[in-house]
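Trainee: quick one, what's the 3D model for this:
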Amino acid sequence: MCGRVRLSSDYSEIKIRLKFAPNAPAPNFKPDWNKPPTEPMLVAIRSVDGERIPKMMKWGLIPHWAKDDKLQYSTFNARSEDFRTRPSFRDAWAWGQRCLVVTDGFYEWPGKGQAPFLFHRADDGLVLLGGLFQRPRGDEVHPRFTVLTTRPNGLVARVHDRMPVIVQPAQLDRWLGEPPADAAALIAPAPEETLAATRVSKHVNNVRNDDPGCVAAAEPA
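Mentor: Next up is the predicted model:
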C-alpha cells in the first residue's frame, strides 16, 4: 500500500532531472511534504510526439461504473498481480495510459498511531512510482491516476507487506512508451539498495501537516 508521499523538490530541478520537453507548459505545482490521495499531484507522461511532459493529475482512479467521484469509489493503489483483470486498470494498461508519479519519498506505518518510516533514495533523488491514469470524467479538470503496488523488498518488508512499483532512471522511456508486455517486465520489487529508510516524526500522521517537520527524526521510544 502507498497512501502518503513527499515531493519537496523544486520544479526547476525536477524538470532537468526528468528531461521534460523544453516547450512543455509548467504545471501549477508546489512542493508538498505530506501528500494524501484525492489531491492533484505531479506526474510525467509521454506525449503523442514521444516527448516526456509534466501533468497534474488527481490521485485515485474512479471505476467506470461509478456515477460520481466520491472518495469511497476512489482507488489509489492497484495490485500489480491482478490489475489486468479489473476493467478500470486493464483498459488503462492496454491503452498505454502509464505514468510516472513524481515523488522524493513515500511513507509507511509499522502500526496504527506509530511513527512512520520515510522510504527515500540515499542521495535524496526522485523516487518515481509506476502508475496508470484515466482521462478526465465529465467536467473534471484533472485526469486521475493510481499507483501500482507489488510485493515488498527486504527493506520495506520490515514495515509493510506491499510497496509501490519504482521505475529506475534508465527505465523511464521503457515504462512510458514501450508495449504493455515490455513495460510489464519492470513490475517487481525495487532492489534494496535503491532505497533508504528513515523513521520520522508522528507529525506526518496528521494529513493537515505539510511542512519540513514531517521529515524530522522520530523521538526516541
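
Trainee: count the neighbours of the closest residue to Pro54 other than its chain neighbours for me.
Mentor: Spatial nearest neighbour of Pro54, excluding adjacent residues (Cβ to Cβ, 6 or more residues apart in numbering): Pro27 at 5.0 Å. The way it works is simple: take the backbone N, C-alpha and C, and place the C-beta from them, glycine included. Pro27: 19 surrounding residues under other Cβ atoms under 10 Å.

Trainee: again, but for Leu129
Mentor: Leu129 has 24 neighbouring residues, counting by other Cβ under 10 Å.

Trainee: I'd assumed the residue nearest to Pro54 was in a helix, is it?
Mentor: No. Assessed by DSSP: H, G, I helix; E, B strand; the rest coil, Pro27 does not belong to a helix; its assignment is coil.

Trainee: okay, it and Pro40: tell me how far apart.
Mentor: According to Cβ to Cβ, to the nearest Å, Pro27 and Pro40 sit 9 Å apart.

Trainee: what do the two both touch?
Mentor: Common contacts of Pro27 and Pro40 (Cβ atoms under 8 Å, 6 or more residues apart in numbering): Met56.

Trainee: quick check: end-to-end length of stretch 150-164?
Mentor: This stretch, stretch 150-164, spans 6 Å end to end (Cα to Cα, to the nearest Å).

Trainee: just the buried positions in that stretch, please.
Mentor: Neighbour-count burial for stretch 150-164 flags Thr150, Pro152, Asn153, Leu155, Val156, Val159, His160, Arg162, Met163, Pro164 (criterion: 16 or more other Cβ atoms under 10 Å).

Trainee: just checking, which helix or strand of the protein averages the lowest pLDDT?
Mentor: Ranking every helix and strand in the chain by mean pLDDT, DSSP states H and E puts helix 87-94 at the bottom, with a mean of 75.

Trainee: and the helix or strand that it is followed by, what does it pack against?
Mentor: Counting by DSSP states H and E, the next helix or strand C-terminal to helix 87-94 is strand 98-103. Under the contact definition 3 or more Cβ pairs under 8 Å, 6 or more residues apart in numbering; DSSP states H and E, strand 98-103 sits against strand 5-7, helix 11-18, strand 40-46, strand 52-59, strand 127-134, strand 144-150, helix 172-177.

Trainee: return the distance of the fifth one from the chain's centre.
Mentor: This points to strand 127-134. 5 Å (Cα atoms, centre = their mean, to the nearest Å).

Trainee: relative to Ala185, how far out is the residue nearest to Glu39 when sequence neighbours are not counted?
Mentor: Of all residues not flanking Glu39 in the chain, Trp59 sits nearest, at 5.9 Å (Cβ to Cβ, 6+ apart). For Trp59, the distance to Ala185 equals 25 Å [Cβ to Cβ].
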